[in-house]
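**Student:** Predicted model and sequence follow; I will ask about them next.
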Amino acid sequence: MNRLNPKDVALVGLFAALIVICAWISIPLGPVPVTLQTFAVFLAAALLGSKRGTLAVGVYILLGVVGLPVFSGFKGLNPLTFGYVLGFLPLGMLTAAAEKLFPKRKLALPLGMATGLLVCYLIGTVWFYYVMHFRGTEYGFGKILSLCVVPFILPDLVKMGLAWFLAQKLGKYVK
């Protein structure tokens with residue numbers, strides 16, 4: 001594995017900090033809040049690529065796991081929503097991988113973002129289901145989707161579009 005140079009380390013730290021800041025911008029919406037975390041993960045993956053983007057997300061998750069209040073609303077780890085946070089890893093990886101696999105395709109990045117978002121939804125929703133199940137609360141598939149996925153589709157599409165737009169404008173400065 002190639003070593004990270006000082007520029008890479010700085011970019012990883014900067015984007016981990018951006019994810020933290022975007023997590024603090026939180027709108028409570030039932031058990032899962034709307035935040036700008038997905039926007040920051042999309043942007044990190046699009047601008048930094050798979051290796052550095054994944055490291056930025058990993059640093060962010062690690063900060064929260066060790067107890068720092070970096071998750072939504074200046075809070076620590078929330079067992080109900082932690083699956084979505086873990087889903088940021090494949091979200092970022094798939095976003096960056098799509099652009100790397102199809103570098104000449106204009107829609108590669110948004111398709112990678114959409115694929116990563118679906119995987120993030122899947123991981124987070126399954127995690128949410130099992131946490132609720134172990135707490136003794138049984139929700140059906142439709143109820144979980146109505147709480148954890150449906151309200152986020154439009155906001156996440158907007159965040160995806162904004163991240164894609166900014167990646168097009170800022171990419172030449174970050175690479």
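**Tutor:** Looks like it came in fine.
**Student:** The helix or strand of the chain with the lowest mean pLDDT pairs with which strands, and in what direction?
**Tutor:** The weakest-scoring helix or strand in the chain, judged by mean pLDDT, DSSP states H and E, is strand 26-27 (a mean of 86). Strand 26-27 sits in its sheet next to strand 34-35 (antiparallel), going by DSSP bridges.
**Student:** what about the helices in the protein?
**Tutor:** Ranges of helices within the chain are 6-24, 37-65, 82-86, 88-101, 108-134, 141-148, 150-174, based on DSSP state H.
**Student:** is it possible to export those helices to TSV including mean pLDDT, distance to residue 76 and mean neighbour count?
**Tutor:** Every C-beta, even on glycine, is put in place using the N, C-alpha and C of the backbone. Formatted as TSV, those follow (pLDDT from 0 to 100; distance: least, CB to CB, whole Å; neighbours: other CB atoms under 10 Å):
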stretch	mean pLDDT	distance to residue 76	mean neighbour count
helix 6-24	95	11	17
helix 37-65	95	6	23
helix 82-86	96	10	21
helix 88-101	90	16	22
helix 108-134	94	16	19
helix 141-148	91	20	15
helix 150-174	93	22	15
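**Student:** And those: which comes nearest residue 30?
**Tutor:** Closest to residue 30 of the helices of the chain, according to CB to CB: helix 141-148, at 5.2 Å.
**Student:** For that closest one, name the packing helices and strands.
**Tutor:** Under the contact criterion of 3 or more CB pairs under 8 Å, 6 or more residues apart in numbering; DSSP states H and E, helix 141-148 touches helix 108-134.
**Student:** Which strands or helices does the helix it packs on pack on?
**Tutor:** Short answer (3+ CB pairs under 8 Å, 6+ apart): helix 108-134 packs on helix 37-65, helix 82-86, helix 88-101, helix 141-148, helix 150-174.
**Student:** how near is the closest residue to residue 111 other than its chain neighbours to residue 81?
**Tutor:** Distance criterion CB to CB, 6 or more residues apart in numbering; nearest residue to residue 111, sequence neighbours excluded, is residue 98 at 5.7 Å. For residue 98, the distance to residue 81 equals 26 Å [CB to CB, to the nearest Å].
**Student:** go on, residue 110?
**Tutor:** Separation of residue 110 from residue 81 (CB to CB): 25 Å.
**Student:** Off-centre distance for stretch 44-53?
**Tutor:** Centre-to-centre, stretch 44-53 and its host chain are 12 Å apart (CA atoms, centre = their mean, to the nearest Å).
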